[in-house]
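> have a look; sequence and predicted model below, questions after that.
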Amino acid sequence: MMDREMEFRMERAGLIQEGDPVRLKEDTASTMAGLMYYYTIRDAVAMSNNTKKRLTNLEGTVKEIREEEGYWTVTVSIHEGESKTPMQACGASN
């Protein structure tokens, strides 16, 4: 079991704080490079870049928020190796 850090781009200040628990929403995009995953901090707080590596857990903790020029970069620590699938983590039943 290990933590995976992922960065998200946030367009508005003050929506979340360092230390806050967050839930993520998974989406997919078909690209020239193949199927990619991208994640949104619920509810529409911030969005990740595309990644080929799918998360195994859709819950994390805000580790850091850095102010950039016109936006904020949010680093979220996600505990990988949880027994929940992404569908179970977002509340869907099998």
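Right, received. Where do you want to start?
> count the residues that sit near Cys74.
Rather than Cys, residue 74 is Val. When neighbours are defined as other Cβ atoms under 10 Å, Val74 has 25 of them. (Each C-beta comes from the backbone N, C-alpha and C, glycine too.)
> wait, it sits on Ile41?
Yes: in terms of Cβ atoms under 8 Å, Val74 counts as a neighbour of Ile41; the distance is 7.0 Å.
> which stretches of the protein form strands?
2-10, 21-31, 34-41, 46-48, 59-67, 72-80 (DSSP state E).
> most tightly packed of the ones you listed?
Mean neighbour count (mean count of other Cβ atoms under 10 Å) peaks for strand 46-48 among the strands of the chain, with a mean of 20.
> which neighbours do Val74 and Ile41 have in common?
Residues touching both Val74 and Ile41 (Cβ atoms under 8 Å, 6 or more residues apart in numbering): Phe8, Met10, Ile16.
> contact partners for Leu55?
Leu55 touches Arg4, Met6, Leu24, Glu26, Tyr37, Tyr39, Ile78, Glu80, Pro86, counting by Cβ under 8 Å, 6+ apart.
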